[in-house]
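K.L.:
starting from these lines, generate the structure:
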Amino acid sequence: MEVLTSLNLQHLNSIPFENLDIHIGRKIILDFESIYEKIVLNNRGGFCYEMNGLFYNVLTSLGFTAKMVSARVYDSTEPGPEFDHMALIVGLGGTEYLADVGFGDSFRKPLKFETGLIQNQGSKYYKIENTGENNYILKQSDDGTVYGNMYQFSTTAKELSDFEQMCNYHQTSPLSHFTQKRIITIAKPNGRITISGNRLIETINGTKAESEIESEEDLNKLLIEHFGVVLE
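P.N.:
Residues are numbered from 1 along each chain as shown. Model (predicted):
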């Protein structure tokens, strides 16, 4: 578990969650070779299919038992469509864990896949509930008492190609939140740094500061300074 947790944290602290390609008109191609080239060789980030797809490859190459699963993210009270999100289930020593490095600001360490177990990480609490045969909901709380739904998922293993249709939807549909504004965010040991639209948001030790990004030149400087990202 120590190795899995370390890999998960290193991924989150080193690779930003981002949708920048969508806003510069560059198609996101969903295959392992393209994901590796973009994130590892070109020092970029990605959204859930890319981030968890890469992490799945890392884990399985190291001998972990892992599978990609379909998740449906909640919008208000309703879950999204099938393949709306990708998460991972990792087997380790007879125990399964829910891992997810592609959800932006979420749990940073894999969660033990045990229904009803309340798991605290920092200022957040998480639990997994079973809502029927092979159907689960991940819930999050600020106080450990009142929980909201994050996403619904099953444990059925999926192939990367199964997510292609929704991957295309999220980078082309005006109804997708990914097409509505650019976002790039990365976890830090003491907080998080985010660019959302034209706002730079820095949360350090619980203190949040926001500032306006005045120009594309300023944006590019901030991408390099905070995320190590150079847009061609």
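K.L.:
next, count neighbours for residue 192.
P.N.:
Using other CB atoms under 10 Å, the number of residues around residue 192 comes to 16. No exception for glycine: its C-beta is placed from N, CA and C like everyone else's.
K.L.:
okay, residue 182: pLDDT?
P.N.:
Predicted confidence (pLDDT) for residue 182: 97.
K.L.:
gap between it and residue 201?
P.N.:
For residue 182, the distance to residue 201 (CB to CB, to the nearest Å) stands at 13 Å.
K.L.:
out of those two, which sits in the busier spot?
P.N.:
Comparing residue 182 with residue 201 by neighbour count (other CB under 10 Å), the higher total belongs to residue 182, at 18 against 14.
K.L.:
which residues touch that one?
P.N.:
Residue 182 sits next to 18-20, 22-23, 195-197 when contact means CB atoms under 8 Å, 6 or more residues apart in numbering.
K.L.:
residue 40 versus that one, what's the distance?
P.N.:
Distance from residue 182 to residue 40, by CB to CB: 22 Å.
K.L.:
can you map out the helices along the chain?
P.N.:
Shown for the chain, the helices assigned by DSSP state H span residues 2-14, 20-23, 32-36, 48-61, 164-172, 177-180, 216-222.
K.L.:
can you check what angle separates the fourth one from helix 164-172?
P.N.:
Spelled out, that is helix 48-61. With axes from the mean of the first three to the mean of the last three CA atoms, to 10 degrees defining the directions, helix 48-61 sits at 140 degrees from helix 164-172.
K.L.:
which parts of helix 48-61 are buried?
P.N.:
For helix 48-61, burial by neighbour count (16 or more other CB atoms under 10 Å) applies to 48-56, 58-59.
K.L.:
how far away from the center of its chain is that helix?
P.N.:
Helix 48-61 has its C-alpha centroid displaced from the chain centroid by 11 Å (CA atoms, centre = their mean, to the nearest Å).
K.L.:
contact partners of it?
P.N.:
With CB under 8 Å, 6+ apart, helix 48-61 has contacts from 4, 7-8, 11, 15, 17, 28, 30, 32, 35-36, 38-40, 45-46, 66-68, 85-88, 90, 99-103, 160, 163, 167.
K.L.:
which outside residues touch stretch 107-114?
P.N.:
1, 4-5, 8-9, 12, 89-90, 95-100, 119, 121-122, 124, 126, 128, 138, 140, 187.
K.L.:
would you show me how to pick out the buried ones of those in ChimeraX?
P.N.:
Under the burial definition 16+ other CB under 10 Å, those of the contacts of stretch 107-114 that qualify are selected in ChimeraX by:
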select :4,8,9,12,89,90,96,97,98,99,100,119,124,126,128,138,140,187
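K.L.:
now intersect the contacts of stretch 107-114 with the strands, please.
P.N.:
Those of the contacts of stretch 107-114 mapping onto strands are 89-90, 95-99, 119, 121, 124, 126, 128, 138, 140, 187, per DSSP state E.
K.L.:
for the residues you listed, which two are the farthest from each other?
P.N.:
Farthest pair in the ones in strands among the contacts of stretch 107-114 (CB to CB) is 95 and 187. Separation: 24.5 Å.
K.L.:
how far away is the residue nearest the centre of the chain from residue 95?
P.N.:
Per CA atoms, centre = their mean, the C-alpha nearest to the average position across the chain is that of residue 102, at 1.5 Å. Going from residue 102 to residue 95 by CB to CB gives 22 Å.
K.L.:
and if you look at residue 49?
P.N.:
26 Å.
K.L.:
between the ones in strands among the contacts of stretch 107-114, which is nearest residue 176?
P.N.:
Within these, the smallest distance to residue 176 is 20.9 Å, found for residue 138 (CB to CB).
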